[in-house]
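[1] Attaching a predicted model along with its sequence, questions to come.
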Amino acid sequence: SGIGLATSRAFAAHGAEVVCADIDLDAARRVAEMIGKDLGGTAHAARVDVADMEQMEGFSRNIFTQYGVPDIVVNNAGIAVIGSFLDHTVDDWRRTVDINLWGVVHGCRLFAAAMVERGQGGHIVNVASLAAFAPSRLLPAYSASKAAVKMLSDCLRAELAGHDIGVSAICPGFVSTAIAHNATYTGADLHDDAVRGLARRGYPAERVAAHVLRAVHRNQAVVPVNLEGKIGYALSRISPRVMRGLARLTGTTSVSRNRG
């Protein structure tokens, strides 16, 4: 859904054969069928839990066997836990890191190795976030995981450059997807405000997908997306102190411990 759906459609519209992978196989199948019906493209569906190393290893082997080594891999799966650090449980942290960071690590490790062995180049896209460089008092686990994804992308880009394999970190600001609706909320009930806020932002996932395609075409390293993404990225480089000050202003309403 969201950025994953839009990116799959965008690549298919430009002639790519796409494998849509999701923990929800029915969702992946719907997207693959949509690509075939609406775009006349070729798409396949697969189920995988990106946080599970064994599943990812089996998934990558199946991809190599059925379709060959991919030219482009997009690591996009992610979840959000919204609330203060003191209201995050260990399980909140573990689940966020397992999906947002380890999912990217598994995807990069398995597919980059195959690209290097093939010797024909390629590109890896890791979807990070504005949160990778803009701290927030309400997104400690999410922000930490996305910052790690950006740094991993920078490290991997340096290592794989000699193999003609590009690596891009896509860092969207607020995008009108279902991530706020599907997020886990701790402490105060912020669900309705977050969902309404993203809806009002009105920035469609299709525009993020256009940035993904451009990043691959131009081999861009870090791609801040939309106005707040670009402003946040610039401020993080020019004045980190300002970013830390802004972080104190986010979610300043009192957050009470309420685990239900």
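    All right, it came through fine.

[2] Point out where the stretch 51-200 of the chain drops to low pLDDT.
    By pLDDT under 70, the low-scoring segments of the stretch 51-200 of the chain are 188-190, 192-200.

[3] ok, which stretches of it are helices?
    53-67, 90-97, 103-118, 140-160, 179-182, 191-201 (DSSP state H, counting those that start in this stretch).

[4] pull the CA atoms of the longest one into CSV?
    Read it as helix 140-160. This file holds the C-alpha atoms of helix 140-160, laid out as CSV (Å, rounded to 0.1, in the frame of the first residue of the first chain):
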residue,chain,number,x,y,z
PRO,A,140,12.1,8.0,19.2
ALA,A,141,12.1,4.4,17.9
TYR,A,142,10.9,5.3,14.4
SER,A,143,13.4,8.1,14.1
ALA,A,144,16.3,6.1,15.4
SER,A,145,15.5,3.2,12.9
LYS,A,146,15.2,5.6,9.9
ALA,A,147,18.4,7.4,10.8
ALA,A,148,20.1,4.0,10.9
VAL,A,149,18.7,3.2,7.4
LYS,A,150,20.1,6.5,6.0
MET,A,151,23.6,5.8,7.5
LEU,A,152,23.5,2.2,6.3
SER,A,153,22.6,3.5,2.8
ASP,A,154,25.6,5.9,2.9
CYS,A,155,28.0,3.1,4.0
LEU,A,156,26.6,0.6,1.4
ARG,A,157,26.8,3.2,-1.3
ALA,A,158,30.5,3.7,-0.7
GLU,A,159,31.2,-0.1,-0.7
LEU,A,160,29.2,-0.9,-3.8
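
[5] how far off helix 103-118 does that helix point, in degrees?
    10 degrees (axes from the mean of the first three to the mean of the last three C-alpha atoms, to 10 degrees).

[6] What is helix 140-160 packed up against?
    Packing contacts for helix 140-160, counted by 3 or more C-beta pairs under 8 Å, 6 or more residues apart in numbering; DSSP states H and E, involve strand 81-82, helix 90-97, helix 103-118, strand 122-127, strand 165-172, strand 222-225. (Each C-beta comes from the backbone N, C-alpha and C, glycine too.)

[7] Is the nearest residue to V222 once chain neighbours are set aside bridged to anything, and to what?
    Leaving out its chain neighbours, the residue that sits closest to V222 by C-beta to C-beta, 6 or more residues apart in numbering is A169, at 5.1 Å. On the basis of DSSP bridges, A169 is bridged to N126, V222.

[8] ok, now which ones touch the nearest residue in space to E228 that is not next to it in sequence?
    Among residues not flanking E228 along the chain, G173 sits closest, at 3.7 Å (C-beta to C-beta, 6+ apart). Neighbour list for G173: 130, 203, 224-230, 232 [criterion: C-beta atoms under 8 Å, 6 or more residues apart in numbering].

[9] switch to 6 Å and redo it
    Residues in contact with G173, defined by C-beta atoms under 6 Å, 6 or more residues apart in numbering, are 130, 226, 228-229.

[10] what's the spacing between it and S60?
    Note on G173: its distance to S60, by C-beta to C-beta, to the nearest Å, is 31 Å.

[11] For N226, report the pLDDT, please.
    Predicted confidence (pLDDT) for N226: 90.

[12] now swap in L249 and tell me
    79.

[13] Tell me how many other residues surround it.
    Here the count is done by other C-beta atoms under 10 Å, and L249 has 9 residues near it.

[14] sorry, back to before: of the helices of the stretch 51-200 of the chain, which approaches R47 most closely?
    When those are compared by C-beta to C-beta, helix 53-67 sits nearest R47, at 8.3 Å.

[15] I'd say G2 and P204 touch.
    No: the pair G2 / P204 is not scored as a contact, 9.7 Å apart, by C-beta atoms under 6 Å.

[16] Understood, closing this out.
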